[in-house]
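> Sequence unavailable; structure follows:
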């Protein structure tokens, strides 16, 4: 298959398949969680559930007291990787053009050089958190293939995107096709892997906060 | 017929001075991206060169490629080259027609067997021999007959190089590129719709001067003209790097000359020399003039989605399909959740509480 045919497949049927799997799987996961609900708490409430749900949802964006000092690589690397990923995905002009084309929504992007730099930092942060995971015997024991798979399918789109934009390793068209295919792999596997936490964290945190809040505990 | 006179004698008779000839060689060296030190060697080689015979076949095409070549700016390398080659057969340019024209072609093939250059524009229909014929000869047969004795084949234009518009889906004539049929002769692709004139004549001149074809890329295109993406040499590249994009043909960004990526520019994936050599004697090229690149020098450019959709946009917009998938997923999720809840209720109903009696050790 030529690089042109590969690119056209990735932009055509490949994207369609990935979008369908992503939408179907994510909706299924969310609906299943919502339908299951939580076990009824028959005890008399000692506090309010809703405010604590909202508070926990936001408070968990910050590191737990003392954890930053105990695990600096995981925390700094984790923040850098998640923020960097958000910048690259949502503030790179070609990505905004994609959103504009699909949903007729648009916003200002960042200069290409800035996004390039952020991508490089994000990749470095991802490598650092992976190294920290492998170096720690407890984390290594807790990790399974699903963790490494989720890491890889997040790492690959960033890497191929950086290589494509800077015309490295392969001709641009080939690398762009690989970039799109790697993004499609991420989309297609998103609902069935730990990547789905990007959506389900809202339910998990708010449930936890609501349960604790009803019992009178504060986030 | 091919002349035996050296090129310099022909040029002198044509009124080209020694200075003009050297200027031509320097220009050609620059256009071919050859090292400047090669200019004297090129001049020396061209001085010794003989007039090569060129047979030009036109199949499923629009004559745009010939227009591009013959309407090149004046005075130009194109005109010089056209004057020094022996163009023995070309439907549009030759005076002869019908059997006389075919006799000219066969005579040129016989007299220059193994030495002539074959230039082809247009794709070849394989669906039915009658789809495109010349003097009753199917394109496929004429190509096979003429290519057999050629030193090399030059596929001019995207139709000859990659199938082009005739091969666009659903490809009703079964059109294929020249390179799909000619396997035993070197084939050089000079794509574009049309190609830049200097790219056509540059290859001819390179062959004329050095007796061999220029270095090619993976798609058989001369690297000198197709080695860089238009995006990398684009006059609007600085705006792309700054993240400044026109979103409409008449918005403020368009008036300010911002990047046309958002309007569908295919410059990042298109390899051609438009941004450096430009058109109409170096006046401008499409992007500079305010229109996004269509990517015409790339294979399947006609089937690569809308000309006006950004490169990062998918070919199809699967929103409806995705919404339907999400609805289906929601139903599946609800069913899975309901099943789990029902199982939980059944388990609760069937639960047999453990009593102290159960825990006591029976004696």
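Nice, thanks for sending it over. Everything numeric here is computed off the predicted structure, so don't read it as measured data.

> Can you point out the helix or strand that includes the residue nearest to residue B:328 when sequence neighbours are not counted?
If the residues on either side of it in the chain are set aside, residue B:328 comes closest to residue A:24, at 5.8 Å by C-beta to C-beta, 6 or more residues apart in numbering or on different chains. Yep, even glycine has a C-beta here, placed from its N, CA and C like the rest. For residue A:24, the host element (DSSP states H and E) is helix A:15-36.

> which other helices and strands contact that helix?
helix A:172-189, helix A:197-214, helix B:319-349 (3 or more C-beta pairs under 8 Å, 6 or more residues apart in numbering or on different chains; DSSP states H and E).

> Can you tell me which of those is packed in deepest?
Counting by mean count of other C-beta atoms under 10 Å in any protein chain shown, helix A:172-189 has the highest mean neighbour count of the helices and strands packed on helix A:15-36, with a mean of 22.

> give the contact list for the residue most central in space within chain A.
The centre of chain A sits closest to residue A:198, judged by C-alpha atoms, centre = their mean, with a distance of 5.0 Å. When contacts are counted by C-beta atoms under 8 Å, 6 or more residues apart in numbering or on different chains, residue A:198 touches residue A:190.

> which residues in chain A form helices?
For chain A, applying DSSP state H gives helices covering A:3-9, A:15-36, A:49-59, A:67-70, A:72-91, A:93-103, A:112-135, A:137-142, A:145-165, A:172-189, A:197-214.

> Report the distance from the fifth one to the chain centre.
When distances are taken as C-alpha atoms, centre = their mean, to the nearest Å, helix A:72-91 is centred 10 Å away from the chain's centroid.

> what mean pLDDT would you report for that helix?
For helix A:72-91, mean pLDDT rounds to 95.

> anything in that helix near chain B?
No. With C-beta under 8 Å from any C-beta of the partner chain as the measure, helix A:72-91 is seen stopping short of chain B, the closest distance being 8.5 Å.

> packing partners for that helix?
helix A:67-70, helix A:93-103, helix A:112-135, helix A:145-165.

> Dump these to a markdown table, plus mean neighbour count and distance to residue B:10.
What follows is these, written out as a markdown table (neighbours: other C-beta atoms under 10 Å in any protein chain shown; distance: least, C-beta to C-beta, whole Å):
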| stretch | mean neighbour count | distance to residue B:10 |
| --- | --- | --- |
| helix A:67-70 | 11 | 81 |
| helix A:93-103 | 19 | 51 |
| helix A:112-135 | 17 | 50 |
| helix A:145-165 | 18 | 48 |
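
> and the residue nearest to residue B:328, how many neighbours does it have?
For residue A:24, the neighbour count with other C-beta atoms under 10 Å in any protein chain shown is 23.

> same thing with the one 10 residues further on?
Taking other C-beta under 10 Å as the criterion, the count of residues near residue A:34 is 13.

> which residues sit against stretch A:106-115?
Here stretch A:106-115 has contacts from A:87-88, A:91-93, A:95-96, A:99-100, A:118, A:165, B:240-243, B:245, B:247, using C-beta under 8 Å, 6+ apart.

> pretty sure residue A:89 contacts residue A:95?
Yes. Contact between residue A:89 and residue A:95 holds when scored by C-beta atoms under 8 Å: they sit 6.0 Å apart.

> who's in contact with residue 214?
Let's take chain A. Here residue A:214 is in contact with A:41, A:45-49, A:52 (C-beta under 8 Å, 6+ apart).

> Correction: the question concerned chain B.
With C-beta under 8 Å, 6+ apart, residue B:214 has these contacts: B:32, B:188, B:202-203, B:206, B:222-224.
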